[in-house]
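> Below are the sequence and a predicted model; questions follow.
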Amino acid sequence: MNPILRLYFYAYPPSAPKADVGVLRFGILGAAAIAPPALVLPALSHPETIVHAVAARDLGRAKAFAKKHGIPVAYGGPSGYQELIDDPEIDVIYNPLPNSLHYEWTMKALSAGKHVLLEKPAANTANETRAMFALAKKKNLVLLEAFHYRFHPSNIRLKAILDSGELGAIKSVETFLGAPKGMFAKDDIRYDYSLGGGALMDTGCYTVNALRHFTSNSTTHPTPTSISSAQAVPPASDNAKVDQSTTAHIFLPAPSSSGPSNPDASISASLICNTSHPLKYGIFPMFPTINFELEGGSVEMYNFVQPTMYHYITVRPKGEEARTEKAYTFGKGKGVKSEGEDWWSTYRYQLEVFVDRVKGRDSGTGTWVEEEDSVANMAWIEAIYEKTGLGSRLASKYVHHE
Ligand SMILES: NC(=O)C1=CN([C@@H]2O[C@H](COP(=O)(O)OP(=O)(O)OC[C@H]3O[C@@H](n4cnc5c(N)ncnc54)[C@H](OP(=O)(O)O)[C@@H]3O)[C@@H](O)[C@H]2O)C=CC1
Ligand SMILES: O=C1OC[C@@H](O)[C@H](O)[C@H]1O
């Protein structure tokens with residue numbers, strides 16, 4: 001597809017006619033900035049999803065959001081979030097609240113018997129993450145930490161290249177994700193420690209996730225063998241426990257070809273994350289990157305977080321000509337239930353698999369973010385924060401009674 005058309009439909013996806021039966025109704029907790037791209041737009045083109053309601057702390061804000069996005073029901077005021085959760089029409093809760101509120105409201109949603117699509121990072125701590133998954137399991141509900149990038153065909157292709165053995169074992173990997181300077185105001189949730197703020201929580205949770213995901217084999221969700229260094233840079237304001245950027249160097253266990261990781265082999269890994277990254281030449285935002293050195297060459301992926309906009313995977317085997325691949329859809333004959341469209345965002349691919357999981361269908365993508373993966377990701381984030389000296393984010397005071 002022509003790139004201009006791809007970007008057009010990415011921004012303005014067409015609406016699909018809705019199925020006569022079996023449509024899942026979603027409710028959104030908070031009129032969050034991320035909700036339109038991550039759920040409202042993707043739901044339009046999915047025949048089995050409808051965004052039924054939104055709740056905001058202020059009813060006027062909820063109504064305005066609902067009107068703008070064609071959502072039939074709005075809840076507001078101090079009991080608005082709970083009313084949304086208790087709405088019997090709703091099957092799935094989307095939780096894009098500030099990180100420190102992920103645990104409380106996910107527990108409440110699961111308790112009410114709703115599946116949950118939960119924004120990243122899963123919570124403020126690994127313990128909270130474990131508790132949410134335990135409740136989901138007990139209630140037989142689907143809970144997904146929305147690492148949307150993992151569902152896009154390009155990232156599935158990247159993983160397949162790395163796993164294929166074509167270039168041998170991974171020796172080192174480095175990744176960068178920085179939100180451009182000026183994107184977030186000083187009072188943004190990302191700069192508020194009490195709300196679970198910090199670059200490592202925000203853009204950093206992807207870098208941690210990607211380092212782990214792309215170096216794991218299908219049976220391992222590795223935790224680091226060691227963190228050799230981690231430096232956090234605070235923002236200009238005096239919020240001393242919040243990092244505006246963090247740089248870390250860690251060692252990952254190298255996976256063996258089958259079974260658990262090989263503790264004797266290590267992959268050297270580094271990450272840079274930022275919530276206010278300087279623009280290149282003062283104009284251009286820097287796109288996310290992940291680069292691998294392997295025994296037999298190197299692999300580079302450009303823009304692994306929003307690959308629908310544009311991406312490439314360059315494979316450079318030692319002594320041979322490099323090749324570049326792109327994958328906006330799965331393509332035909334790959335055994336995947338939905339091939340996708342060039343313009344499908346990472347969130348749209350994620351929604352496809354999420355709905356399949358709720359309905360007990362196999363998406364054929366082989367992709368999911370498992371409980372152990374989400375727990376290990378939070379444990380890593382906590383460990384890196386400890387190493388920076390800033391310490392973990394605050395555990396929630398919410399006590400859940402089932
Ligand atoms: N998947 C992705 O690509 C992205 C994911 N995210 C994640 O989504 C979540 C929300 O991020 P984002 O949409 O940028 O944030 P916003 O600040 O836009 O949204 C957060 C929402 O939380 C609600 N809220 C409830 N209590 C508070 C409080 N005490 N202070 C502030 N807000 C409160 C607000 O809802 P109300 O309307 O009720 O006032 C607000 O709409 C985060 O977890 C973030 O990491 C963010 C961006 C991209
Ligand atoms: O999830 C996210 O993805 C993109 C980033 O720019 C943003 O800060 C983050 O919340």
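Perfect, I can see it now. Numbers count the residues shown, from 1 in each chain. Ligands and ions are numbered 1, 2, ... in the order given.

> Look up phi and psi at residue 144.
Main-chain torsions, residue 144, degrees, to the nearest 10: phi -130, psi 130.

> again, but for the one 3 residues further on
In this entry, residue 147 is assigned phi and psi values of phi -80, psi 70 (degrees, to the nearest 10).

> What sits closest to the most centrally placed residue in the chain if chain neighbours are left out?
The structure's the chain has its C-alpha centroid closest to residue 147; by CA atoms, centre = their mean the separation is 2.1 Å. Among residues not flanking residue 147 along the chain, residue 369 sits closest, at 5.0 Å (CB to CB, 6 or more residues apart in numbering). C-beta: built from backbone N, CA, C; applies to glycine.

> Check the spacing between the residue nearest to the centre of the chain and ligand 1 real quick.
Note on residue 147: its distance to ligand 1, by CB to the nearest ligand atom, to the nearest Å, is 8 Å.

> for the protein, what spans make up the helices?
For the chain, helices defined by DSSP state H occupy the ranges 3-11, 35, 41-44, 59-69, 80-86, 99-111, 126-139, 153-163, 204-215, 346-358, 371-388.

> Kindly reformat those helices as a markdown table containing mean neighbour count, mean pLDDT and distance to residue 249.
Output for the helices of the chain, formatted as a markdown table (neighbours: other CB atoms under 10 Å; pLDDT from 0 to 100; distance: least, CB to CB, whole Å):
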| stretch | mean neighbour count | mean pLDDT | distance to residue 249 |
| --- | --- | --- | --- |
| helix 3-11 | 14 | 96 | 35 |
| helix 35 | 22 | 98 | 35 |
| helix 41-44 | 22 | 98 | 36 |
| helix 59-69 | 17 | 98 | 42 |
| helix 80-86 | 21 | 98 | 40 |
| helix 99-111 | 24 | 98 | 24 |
| helix 126-139 | 19 | 98 | 21 |
| helix 153-163 | 20 | 96 | 20 |
| helix 204-215 | 25 | 96 | 11 |
| helix 346-358 | 24 | 98 | 27 |
| helix 371-388 | 21 | 96 | 10 |
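
> So for ligand 2, which of those helices sits nearest?
In terms of CB to the nearest ligand atom, the element of the helices of the chain nearest to ligand 2 is helix 204-215, at 6.7 Å.

> The closest one near ligand 1 anywhere?
No - counting by CB under 6 Å from any ligand atom, ligand 1 is not contacted by helix 204-215; separation bottoms out at 7.5 Å.

> Just the CA atoms of that helix, as CSV, please.
Only the C-alpha atoms of helix 204-215 are listed here, as CSV (Å, rounded to 0.1, in the frame of the first residue of the first chain):
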residue,chain,number,x,y,z
GLY,A,204,11.7,2.5,29.8
CYS,A,205,9.2,-0.3,30.4
TYR,A,206,9.3,-1.0,26.6
THR,A,207,13.1,-1.0,26.5
VAL,A,208,13.2,-3.5,29.4
ASN,A,209,10.5,-5.6,27.8
ALA,A,210,12.1,-5.6,24.4
LEU,A,211,15.6,-6.5,25.7
ARG,A,212,13.9,-9.5,27.5
HIS,A,213,11.5,-10.5,24.8
PHE,A,214,13.9,-10.6,21.9
THR,A,215,16.6,-12.4,23.8
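
> Could you list every helix and strand in contact with that helix?
helix 153-163, strand 170-180, strand 245-255, strand 261-277, strand 289-294, helix 371-388 (3 or more CB pairs under 8 Å, 6 or more residues apart in numbering; DSSP states H and E).

> try 6 Å
strand 170-180, strand 261-277, helix 371-388 (3 or more CB pairs under 6 Å, 6 or more residues apart in numbering; DSSP states H and E).

> Packing partners of the shortest one?
Packed against strand 170-180 by the contact rule (3+ CB pairs under 6 Å, 6+ apart) you find helix 204-215, strand 261-277, strand 289-294.

> What of the second one?
Helices and strands touching strand 261-277, as assessed by 3+ CB pairs under 6 Å, 6+ apart, comprise strand 170-180, helix 204-215, strand 245-255.

> now the ones you listed as a markdown table including distance to residue 361?
Putting those into a markdown table (distance: least, CB to CB, whole Å) gives the following:
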| stretch | distance to residue 361 |
| --- | --- |
| strand 170-180 | 32 |
| helix 204-215 | 23 |
| strand 245-255 | 29 |
